[in-house]
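> sharing a sequence plus its predicted fold:
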Amino acid sequence: MEPEPIDAVAAVVSASGIAGRRSRDLIMALAGGSATLDDLVRDHAVPRRTAEAILRAAGADLRSERGRVSLEPSIRQRYLERFAVAAEADVTGMAELIAGAPRPDQALDHVSATAGTAERRARWLARTYDLTGARLVCIGDHDLTSLAVRKALPGTEVTVVDVDERLLEYIDGQGAGIACYHADLRFGLPPAVAGTADVIFTDPPYTPEGVQLFLGRGAQALRDRTNGRLVMAYGFSPLTPALGLKVQRAVLDLDLVIEAMLPAFNRYHGAQAVGSASDLYVCRPTTHTWQVLDRRLDKLAGSANIYTHGEQSLEARTPMSQAARGPARILGGGPLPADELTVDLAGDPGPWLARVLLALNVPRVTLLVANNHPDLRDESAQAALRELVGAKYDLRLRRSTPGPKQATVEAVLRPAEGVAGWLLTHVHGKIGNVLRDALIRADPSLTRAAAQERAAELVGRPEYLDARLIDLPRHLVVPLLKA
């Protein structure tokens with residue numbers, strides 16, 4: 001049975017993914033009046049082949065007169081209802097949200113975009129792409145672009161991946177239904193995020209290595225490898241065009257095509273070396289992207305210094321590269337088999353210590369960190385670390401050991417007792433499955449179905465059931481362990 005013309009038209013639009021916005025506008029023009037094929041192509045910047053495919057699919061629903069086509073009056077309302085673009089909601093109010101957010105981490109080279117920039121990004125995405133029902137993944141989001149997009153387009157699913165625990169807790173606390181994942185991108189992308197995105201947004205470190213890493217992880221997150229887009233903020237000083245050339249070469253080295261560049265689109269509080277502004281790049285993958293992507297990322301993984309300032313900058317390449325090798329093996333893969341292990345975390349920007357303790361199931365672990373490490377600097381921080389991993393490891397925290405600028409964390413594995421202990425020793429499995437099995441171990445009378453239902457209740461949000469515990473922000477892990 002042949003599909004109705006309107007369904008055939010919908011199939012053509014759907015085949016364009018998020019790029020179907022222009023096709024929708026073309027259909028709205030047919031519903032509002034008549035036009036020639038040349039008009040449709042020129043007015044809506046749609047390839048002629050796509051315009052012809054829409055007209056061919058519409059078939060009997062069209063009327064043609066003297067080379068001009070339009071929809072039959074009797075069918076226009078159905079097309080208007082089917083293909084109308086969702087109205088853009090009010091996206092103001094970002095200034096208050098940004099004012100309440102955690103201060104940018106200078107060690108991670110963050111500079112905040114203005115509230116107007118966050119709002120402008122959301123409006124531009126809403127007006128450029130067909131995002132209703134699509135998923136945006138923000139690779140890093142200290143500018144809160146995720147919240148701005150949810151304001152503008154409540155029907156768009158949004159995911160944030162960031163290394164800053166404070167930021168993830170803040171975004172999650174806004175109740176916008178945004179899925180939040182923790183990741184140091186040098187060690188990989190959370191598996192639950194891979195292959196889920198229709199469009200990526202990132203404002204990466206402005207180095208060739210940083211841009212290539214963030215765009216590369218963004219490409220790994222795309223599910224639509226044909227129509228997906230990677231939208232990036234990047235700027236360089238007009239006094240140093242050679243740096244801009246290096247970064248653009250890093251983009252092209254991923255075999256991404258730069259589809260568009262909007263000059264000075266983004267404005268910042270700071271970053272005066274680049275005029276407190278950056279351009280908006282629109283990139284899309286080619287068939288060759290997937291042939292080179294893993295190889296390019298392997299060169300950056302673990303040992304890459306990607307920032308422009310501080311201990312993790314390019315200037316600190318040697319010490320950072322050496323310090324990152326240990327955690328890269330642990331956090332970039334699965335469980336590490338060993339009876340006793342010493343890990344140098346001297347280059348830890350903050351989150352590595354807790355994540356390494358979550359990742360390992362080694363009977364005895366010694367971890368070397370800076371004496372002023374965020375998880376050791378006071379009693380409350382130390383108590384929070386013990387609360388996180390206490391069901392798996394007994395910790396001995398030795399400040400100023402072996403030297404005045406160093407600290408040692410000694411961890412001894414405990415027997416895996418209870419549901420929390422089982423979860424912490426299986427952090428690389430899908431939470432829904434691991435929690436289901438843990439509940440059955442605790443109560444053998446539970447059926448798999450009942451345990452699965454209970455696991456879903458404990459996790460609370462269905463998108464996290466297929467995630468790994470090690471990829472959840474700490475503010476979500478601790479309540480789950482307590483529950």
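That came through fine.
> pLDDT weak spots in the stretch 251-400 of the chain?
Applying pLDDT under 70 to the stretch 251-400 of the chain flags residues 302-326, 334-335.
> after the lengthiest strand in the chain, which helix or strand is next?
Ranked by residue count, the top strand of the chain under DSSP state E comes out as strand 256-267. Downstream of strand 256-267, the first helix or strand assigned by DSSP states H and E is strand 277-285.
> other residues contacting that following strand?
121, 124, 203, 206, 215, 219, 222, 225, 227-235, 251, 255-268, 271 (Cβ atoms under 8 Å, 6 or more residues apart in numbering). Every residue, glycine included, has its C-beta placed from N, CA and C.
> tell me which other helices or strands the longest strand of the chain touches.
helix 115-128, strand 229-234, helix 241-252, strand 277-285 (3 or more Cβ pairs under 8 Å, 6 or more residues apart in numbering; DSSP states H and E).
> just send those back as CSV, with mean neighbour count and distance to residue 333 too.
Below are the helices and strands packed on strand 256-267 laid out as CSV (neighbours: other Cβ atoms under 10 Å; distance: least, Cβ to Cβ, whole Å):
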stretch, mean neighbour count, distance to residue 333
helix 115-128, 20, 34
strand 229-234, 26, 26
helix 241-252, 15, 25
strand 277-285, 21, 25
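> can you put the ones you listed in a markdown table and add distance to residue 62?
Shown next, in a markdown table, are the helices and strands packed on strand 256-267 (distance: least, Cβ to Cβ, whole Å):
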| stretch | distance to residue 62 |
| --- | --- |
| helix 115-128 | 27 |
| strand 229-234 | 31 |
| helix 241-252 | 42 |
| strand 277-285 | 31 |
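> of all those, which lies closest to residue 382?
If you check each of the helices and strands packed on strand 256-267 against residue 382 by Cβ to Cβ, helix 115-128 wins as the nearest, at 35.8 Å.
> roughly how far is that closest one from the heart of the chain?
18 Å (Cα atoms, centre = their mean, to the nearest Å).
> alpha carbons only: can I get it in PDB?
Provided in PDB are the C-alpha atoms of helix 115-128 (Å, rounded to 0.1, in the frame of the first residue of the first chain):
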ATOM      1  CA  ALA A 115      24.400  35.900  29.400                       C
ATOM      2  CA  GLY A 116      23.500  37.500  26.000                       C
ATOM      3  CA  THR A 117      25.800  35.000  24.300                       C
ATOM      4  CA  ALA A 118      24.100  32.000  25.900                       C
ATOM      5  CA  GLU A 119      20.700  33.400  24.900                       C
ATOM      6  CA  ARG A 120      22.000  34.100  21.300                       C
ATOM      7  CA  ARG A 121      23.400  30.600  21.000                       C
ATOM      8  CA  ALA A 122      20.100  29.100  22.000                       C
ATOM      9  CA  ARG A 123      18.100  31.300  19.600                       C
ATOM     10  CA  TRP A 124      20.500  30.600  16.700                       C
ATOM     11  CA  LEU A 125      20.300  26.800  17.200                       C
ATOM     12  CA  ALA A 126      16.500  27.000  17.400                       C
ATOM     13  CA  ARG A 127      16.200  29.000  14.200                       C
ATOM     14  CA  THR A 128      18.800  27.000  12.300                       C
END
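> mean confidence (pLDDT) on that helix, please.
The pLDDT scores in helix 115-128 average 96.
> which elements pack onto that helix?
Secondary-structure packing of helix 115-128 (3+ Cβ pairs under 8 Å, 6+ apart): helix 94-100, helix 145-152, strand 199-202, strand 256-267.
> sorry, back to before: now the angle from the longest strand of the chain to helix 115-128?
140 degrees (axes from the mean of the first three to the mean of the last three Cα atoms, to 10 degrees).
> show me what strand 256-267 pairs with in its sheet, parallel or antiparallel.
Using DSSP bridges, the strands paired with strand 256-267 in its sheet are strand 277-285 (antiparallel).
> got the angle between the strand it pairs with and strand 229-234?
If you take the same axes, to 10 degrees, strand 277-285 sits at 150 degrees to strand 229-234.
> for the stretch 1-150 of the chain, give me the ranges with low pLDDT.
Ranges of the stretch 1-150 of the chain meeting pLDDT under 70: 1, 105-109.
> using the three-state scheme, assign the closest residue to residue 46 other than its chain neighbours.
In this structure, residue 46 finds its nearest non-sequential neighbour in residue 22, 5.0 Å apart by Cβ to Cβ, 6 or more residues apart in numbering. Of the three states, residue 22 takes helix under DSSP: H, G, I helix; E, B strand; the rest coil.
> likewise for the one 3 residues further on?
Local secondary structure at residue 25 is given as helix here, using three-state DSSP.
> go ahead and confirm it touches residue 44.
Yes - the pair residue 25 and residue 44 passes the contact test of Cβ atoms under 8 Å, sitting 5.2 Å apart.
> what about the residue with the largest distance to the centre of the chain, distance to residue 35?
Within the chain, the residue lying farthest from the chain centre (Cα atoms, centre = their mean) is residue 66, at 50.4 Å. From residue 66 across to residue 35, the span is 12 Å (Cβ to Cβ, to the nearest Å).
> that'll do, ta.
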